[in-house]
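J.: mind looking at a prediction? Sequence and model below.
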Amino acid sequence: MSNSALIAGVSGIVGNNLARRLVAEGWEVFGLARRPGEIEGVKPVVGDLLDPASLKAALAELRPTHIYITTWMRQPTEAENIRVNAGMVRNLLDVVGPAGGVECVSLVTGLKHYLGPFEAYGKGKLPETPFREEQGRLDIDNFYYAQEDEVFAAAERHGFGWTVQRPHTIIGYAIGNAMNMGMTLATYGTICRETGRPFTFPGSEVQWNSLTDMTDARQLARHLLWASTTPAARNQAFNVVNGDVFRWKWMWARLAAHFGVEPVPPPPGGLPLETQLADARPIWADIAARHGLAEPDLDVLASPWHTDADLGRPIEVLTDMSKSRRLGFLDYQSTEDSFLDLFAELRHRKIIP
């Protein structure tokens, strides 16, 4: 039987890049979202993960071999995050699980598995870096854990395998994504160049000086494909990063050079992007009008709050990927190239000038 994939959240940064990878590999790909958009080779499926009736109607005729859950919805509290996001996973698997034919369900979470949820992010007793999969869960409520438990329970009921992917900060092409540092920094660098504002690192001194890593959405897509089709990876959780490490004080200078601006280190006390870009919506609208850009609304492109959370961490964040290496996944991606490739695509699509 040929492989077919159902990607929940196909319009997001992970789902979009995964869909393109699977199509290139010859898979039949169904893209599920409330507004799936158009991706070449992907069959759009309109459905709401919060509405079981809509899922039953949308998925009634589908028999995918592989399910990829690449989406979540941010809520005001962690209790609500758990209720809503675990519910989305449960609703989907309650529909596709009993139909049979599913070989593997892959869930994408992230390093908040080790760092804690937004309400307690980077606080309390945390595992030592580099983070390793065997370090397990923190003793705190976390919607990632609740999502995992829904996958584990459904796998037990219906007999399919599972994988969990834990990427670090993801960089890649997507529009309207709530967690997109690459797009956010692309708009920030553009605004600094166009206005003469200083290109000031918006994070903490710890992040400026510490070693770190990131995850290219294309690397994550390759890992999802590998893990979901490799017997040795069945029923395993994996960290997924590019394979290189860097310090932000080095990377910031590389990004500044690309935009033709001067890199500025973090000032004492920090200067978050939410503050720096508080007045930037009309500035971006003017830039978009002058250069004929495709999207004049900065809020659609940038997510300063998420970039601030990532770059403002008070601790070193570094990820071990030995588990995947031992099992045969050896792909590597330069993080500097991840940024430059994204910026080139954004220019090609007239998102930035």
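T.: Nice, thanks for sending it over. Residues are numbered from 1 along each chain as shown.
J.: tell me the contacts of residue 256?
T.: 189, 199, 262, 263 (CB atoms under 8 Å, 6 or more residues apart in numbering). C-beta here means a position set from N, CA and C on the backbone, and glycine is covered the same way.
J.: the closest residue to the first one other than its chain neighbours: neighbour count?
T.: If I follow you right, that is residue 189. Using CB to CB, 6 or more residues apart in numbering and skipping residues adjacent in sequence, the residue nearest residue 189 is residue 259, 3.7 Å away. Applying other CB atoms under 10 Å, we find 20 residues neighbouring residue 259.
J.: mind listing what residue 259 touches?
T.: Contacts of residue 259 (CB under 8 Å, 6+ apart): 189, 190, 192, 193, 199.
J.: repeat that for residue 145.
T.: With the criterion set at CB under 8 Å, 6+ apart, residue 145 makes contact with 113, 137.
J.: ok, now with 6 Å
T.: Taking CB atoms under 6 Å, 6 or more residues apart in numbering, we find residue 145 in contact with residue 137.
J.: over to it. Which of the three states is it?
T.: helix (DSSP: H, G, I helix; E, B strand; the rest coil).
J.: residue 57 now?
T.: helix.
J.: what's around residue 253, how many residues?
T.: Residues near residue 253, counting by other CB under 10 Å: 15.
J.: residue 276 too?
T.: 19.
J.: quick one, helices of the stretch 101-250 of the chain?
T.: Taking DSSP state H, counting those that start in this stretch as the test, the helices found in the stretch 101-250 of the chain are 112-115, 143-158, 181-195, 205-209, 217-229, 248-259.
J.: buried ones in whatever helix or strand residue 92 lives in?
T.: Following DSSP states H and E, one finds residue 92 within helix 78-96. Within helix 78-96, the residues that count as buried by 16 or more other CB atoms under 10 Å are 78, 81-82, 84-96.
J.: what's the closest of these to residue 322?
T.: Nearest to residue 322, judged by CB to CB, of these is residue 89 at 27.9 Å.
J.: what about the spatially closest residue to that closest one that is not a sequence neighbour, distance to residue 83?
T.: Once flanking residues are discounted, residue 89 sits nearest to residue 150: 4.2 Å by CB to CB, 6+ apart. The gap separating residue 150 from residue 83 is 12 Å, by CB to CB, to the nearest Å.
J.: for residue 286, same thing?
T.: Taken as CB to CB, the span from residue 286 to residue 83 is 41 Å.
J.: burial count for residue 289?
T.: 10.
J.: check residue 104 too.
T.: 23.
J.: how close does residue 250 get to residue 14?
T.: Distance from residue 250 to residue 14, by CB to CB: 27 Å.
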